[in-house]
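Participant: Pasting the sequence and the predicted coordinates here, then a few questions.
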Amino acid sequence: MSSAQTAAETLNFQAEVKQLLHLMIHSLYSNREIFLRELISNASDASDKLRFEAIDQPALFEGDSDLKIRVSFDTEARTITISDNGIGMSREEVVAHLGTIAKSGTKEFFGKLTGDQKKDAHLIGQFGVGFYSAFIVADKVTVVTRRAGLPASEGVQWECSMSGETAGAYTVAAVEKAGRGTEITLHLREDQDDLLSAWKLKSLIRKYSDHIVQPIVMKKEEWDEEKKAQVLTDEDETVNQANALWARPRNEITEEEYKGFYKHVGHDFDEPLAWTHARVEGRQEYTQLLYIPSHAPFDMWDRNARHGVKLYVKRVFIMDDAEKLMPTYLRFVRGVVDSADLPLNVSREILQESKDIDTIRAGCTKKVLGLLEDLATSDEAGDQEKYATFWKEFGKVLKEGVGEDFANKDKIAGLLRFASTHADTPEEVVSFRDYIGRMKEGQDKIYYVTAETFNAAKNSPHLEVFRKKGIEVLLLSDRVDEWALGNLTEFDGKQLQSVAKGGLDLGSLEDEAEKKEAEQAADEYKELIEKMKTSLGDRVKDVKVTLRLTDSPACLVADEHDLGMNLTRILKAAGQSAPMSKPILEINPKHPAVLRLKYEDKSFDDWAAVLFDQALLAEGGALDDPATFVKRINQLMMAMSAH
Ligand SMILES: Nc1ncnc2c1ncn2[C@@H]1O[C@H](COP(=O)(O)OP(=O)(O)OP(=O)(O)O)[C@@H](O)[C@H]1O
């Protein structure tokens, strides 16, 4: 033992790590085999990182560029060791990576846990356990590592035992380590002896890690006649296929292999929903293997989220999460792009400006949208179910694309799904095409309403005339809808029209009699309208008679070229200064409350104000002065009961 090693320092885990470890050991026990996959996956990433850093600094190879991962076991000591000659870790990195969870979404993750073992196991899987999964099978784990490029004396030993007094703490000590890279030794729990077998370990490697690019080697076994047993020899044998899966022809890759590879690149326990694999030739030559996950990651709303598409150049790993390879609205896509043309020393800065990358990105985007389109339009029930899952998990993100990706706007619009008055449920299943297929004779627009919640949309007074006439209206209640639809004026030649905007023109859906009636009402109410305008003053742009209401006395609409009221509220909530355009108050001439107003004198101002305020409330708006509203209502109620 070196003197440095005696100076071990005991450190405590971050509280979340303790919690995660405890949960994992209990919840993932029935999945215990995954520990090997996770540790090999990390070793492979570490090898990729070294190969990349060595492009600029070949000295990091220290004369050994033959990267591999070794798995060995010791029946007597009851240990399994996984070692790699990858990038390794410095002392700071050890403490940062093995003592804390730096992932975004950690809080949400813990908040979602239910105490139900099965559900929690699933969540833990989604969150990703990585290194800590070692503790499912081991009660003590020892990591010895050295960062490539640092001297042998700067090796680090990390050790943590789950039993005894030190549980919940770990030690870090300096050690000598001749070879760079990381060696992880698992001291197995008592009931894990079945793992101490070459046959068992090999079968786990083939099952879970066959697609790993680096060779995973084990010592070969031989039958010893004398001992009448298999004994280990000195010779190495490669257990996995050890080639880049994406570089192989499609017809030689099994479904299981595709799925296994996804779990590695996507850092996901679950299977992918769908994938697309193609080699592209032409101006740019590259291979893409892109996956759509079956669930949204914890950090989908975090713009700094990691783990996107990995970029390789001629099989050499270049970078994780090359955000330039995918537009932001497809940030949930995982996988690999391997370019045959980019220079090996390509940096993030170069990528930002590269025309070649733009071509690759356009190609990848097209592929993913095509894949989604195939799922969405497929006749197979399985595919449709997949699309429904996709929409639930990622629909909100995809919607961003309508405003973000001009070239593919129409394609993306075709993939959108909405709730509508057709079923009147919050399920988002209606496409623009479905809607157009159900359009009434004479209808030439696609109508929609936006509101803060589904119920506010569904019960919006603006829908009354549409319901009466049996015209379908899309019910939008996602914040991003306002923005998406603001960027979309038509679909397939049909104009999109908000029902909450003024000048509602139902065109040929309105019959002559109705038009006449409207004109007549406008005439009849001229005086009242003027009176109301004076009474409401600054609060309205205009007051008009409308035929769009059947049950409600009044509603607010935005003038045709003004921002919608819902959008204005969203912008305000987001701290943006939205132009404050005043609404138009539309009144229903057939409603008793409106009729009554014609003859009201004394309390006219109160009535007018209440009519305005309730229209604002029904619309999802907030009252400027709720106390006065309540006071007025009470006064009017008392006045009525006195009658
Ligand atoms: N064999 C290794 N060599 C070098 N660094 C490693 C190795 N194993 C783990 N690490 C470091 O520890 C970090 C944490 O690993 P861990 O497996 O917990 O998470 P991850 O791989 O980053 O993400 P995920 O949990 O999604 O798999 C890694 O990101 C890496 O920096």
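Facilitator: Done, it's in.

Participant: Please count neighbours and contacts with C-alpha atoms only from this point.
Facilitator: Will do.

Participant: Right, and the ligand sits closest to which residue of the chain?
Facilitator: Gly130 (3.1 Å; CA to the nearest ligand atom).

Participant: what's Ala247 in contact with, if anything?
Facilitator: Residues near Ala247 by CA atoms under 8 Å, 6 or more residues apart in numbering: Thr287.

Participant: on that earlier part again, tell me if I'm right that the residue of the chain closest to the ligand and Leu36 touch.
Facilitator: No - assessed by CA atoms under 8 Å, Gly130 is found out of contact with Leu36, at 9.9 Å.

Participant: Wait, Asp193 touches Glu76, no?
Facilitator: No - the criterion here is CA under 8 Å, and Asp193 misses it with Glu76 at 10.5 Å.

Participant: Comparing these two, which residue is more hemmed in?
Facilitator: Asp193 (13 against 7; other CA atoms under 10 Å).

Participant: which residue packs closest to the more buried one, ignoring adjacent ones?
Facilitator: Of all residues not flanking Asp193 in the chain, Arg78 sits nearest, at 7.3 Å (CA to CA, 6 or more residues apart in numbering).

Participant: Show me which of Gly130 and Leu36 is the more surrounded one.
Facilitator: Just comparing Gly130 and Leu36: by other CA under 10 Å the higher neighbour count belongs to Leu36, 23 against 19.

Participant: Please identify the helix or strand for Tyr448.
Facilitator: Under the criterion of DSSP states H and E, Tyr448 resides in strand 445-450.

Participant: and after that strand, which helix or strand comes next?
Facilitator: Per DSSP H and E, the first helix or strand lying C-terminal to strand 445-450 is helix 454-458.

Participant: That next one: which residues count as buried?
Facilitator: Residues of helix 454-458 classed as buried by neighbour count (16 or more other CA atoms under 10 Å): Phe454, Ala456, Ala457, Lys458.

Participant: What mean pLDDT does whatever helix or strand comes next after it get?
Facilitator: Using DSSP H and E, the next helix or strand after helix 454-458 towards the C-terminus is helix 464-469. The average of the pLDDT scores along helix 464-469 is 88.

Participant: before we move on, what about stretch 329-343?
Facilitator: On average, stretch 329-343 scores 92.

Participant: what's the answer for stretch 582-591, then?
Facilitator: The average pLDDT for stretch 582-591 rounds to 87.

Participant: Stretch 58-70 too?
Facilitator: 94.

Participant: can you check stretch 136-152 too?
Facilitator: Computed over stretch 136-152, the average pLDDT equals 96.

Participant: do stretch 407-421 as well
Facilitator: Stretch 407-421 carries an average pLDDT of 96.

Participant: and Asp210, how many neighbours?
Facilitator: So Asp210, with other CA under 10 Å, has 23 neighbours.

Participant: Tell me which residues touch the residue lying closest to Ile584 once chain neighbours are set aside, please.
Facilitator: Leaving aside its chain neighbours, Ile584 sits nearest to Asp542 (4.8 Å; criterion: CA to CA, 6+ apart). For Asp542, the contact set (CA under 8 Å, 6+ apart) comprises Lys533, Pro583, Ile584, Leu585.

Participant: Could you do Lys399 as well?
Facilitator: So, once contact is read as CA under 8 Å, 6+ apart, Lys399 ends up touching Tyr329, Ile412, Leu416, Val480, Asp481, Ala484.

Participant: Kindly report the same for Ile216.
Facilitator: Lys68, Ile69, Arg70, Val71, Thr238, Val239, Asn240, Ala242.

Participant: Show me where the stretch 251-400 of the chain has its helices.
Facilitator: Using DSSP state H, counting those that start in this stretch, the helices of the stretch 251-400 of the chain run over residues 255-265, 348-353, 355-377, 381-404.

Participant: Figure out which of those helices is closest to Lys314.
Facilitator: helix 355-377 (14.7 Å; CA to CA).

Participant: I would like the residues contacting that closest one, please.
Facilitator: Contacts for helix 355-377 (CA under 8 Å, 6+ apart): 274-276, 284, 286, 288, 290, 324-327, 330, 342, 351, 383-384, 386-387, 411-412, 415.

Participant: nearest spatial neighbour of Ser552, skipping sequence neighbours?
Facilitator: Pro461 (6.4 Å).

Participant: Residue ranges in the protein under the pLDDT threshold?
Facilitator: 1-6, 165-166, 301-307, 321-322, 502-505, 507-509, 574, 578-579, 642-643 (pLDDT under 70).

Participant: Enumerate the residues of it near the ligand.
Facilitator: Residues of the chain lying close to the ligand (CA under 6 Å from any ligand atom) are 42-43, 46, 87-89, 97-98, 128-132, 182, 267.

Participant: Out of the residues you listed, name the ones that lie in strands.
Facilitator: Among the residues of the chain next to the ligand, the members found in strands (DSSP state E) are Thr182.

Participant: from the residues of the chain next to the ligand, which would you call buried?
Facilitator: By 16+ other CA under 10 Å, the residues of the chain next to the ligand give 42-43, 46, 87-89, 98, 128-132, 182, 267 as buried.

Participant: Ser44 contacts Asp210, correct?
Facilitator: No - with contact defined as CA under 8 Å, Ser44 does not count as touching Asp210 (11.8 Å).

Participant: sorry, back to before: quick one: the contacts of Ile216 as a markdown table, columns for secondary structure, neighbour count and distance to Phe109 too.
Facilitator: Compiled in a markdown table, those are given as follows (DSSP: H, G, I helix; E, B strand; the rest coil; neighbours: other CA atoms under 10 Å; distance: CA to CA, whole Å):
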| residue | secondary structure | neighbour count | distance to Phe109 |
| --- | --- | --- | --- |
| Lys68 | coil | 19 | 34 |
| Ile69 | strand | 24 | 32 |
| Arg70 | strand | 21 | 33 |
| Val71 | strand | 23 | 32 |
| Thr238 | strand | 17 | 38 |
| Val239 | coil | 21 | 36 |
| Asn240 | coil | 21 | 34 |
| Ala242 | coil | 17 | 34 |
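
Participant: Tell me which two of those residues sit farthest apart.
Facilitator: Using CA to CA, the contacts of Ile216 span at most 14.4 Å, a distance reached by Val71 and Ala242.

Participant: Make sure Thr81 is indeed in a strand.
Facilitator: Yes - the assignment for Thr81 is a strand, going by DSSP: H, G, I helix; E, B strand; the rest coil.

Participant: rewinding a little: let's see which of the contacts of Asp542 end up in helices.
Facilitator: Judged by DSSP state H, the subset of these located in helices is Lys533.

Participant: The contacts of Asp542 into TSV, with extra columns for neighbour count?
Facilitator: Putting the contacts of Asp542 into TSV (neighbours: other CA atoms under 10 Å) gives the following:
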residue	neighbour count
Lys533	18
Pro583	23
Ile584	20
Leu585	27
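
Participant: follow-up on the earlier one: redo the helices of the stretch 251-400 of the chain as JSON lines? Include distance to Ala627.
Facilitator: As requested, the helices of the stretch 251-400 of the chain are exported to JSON lines (distance: least, CA to CA, whole Å):
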{"stretch": "helix 255-265", "distance to Ala627": "57"}
{"stretch": "helix 348-353", "distance to Ala627": "55"}
{"stretch": "helix 355-377", "distance to Ala627": "50"}
{"stretch": "helix 381-404", "distance to Ala627": "37"}
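
Participant: Identify whichever of those lies nearest to Met439.
Facilitator: Per CA to CA, nearest to Met439 of the helices of the stretch 251-400 of the chain: helix 355-377, 20.1 Å.

Participant: in that closest one, what counts as buried?
Facilitator: 356-358, 360-365, 367-369, 371-373, 375-376.
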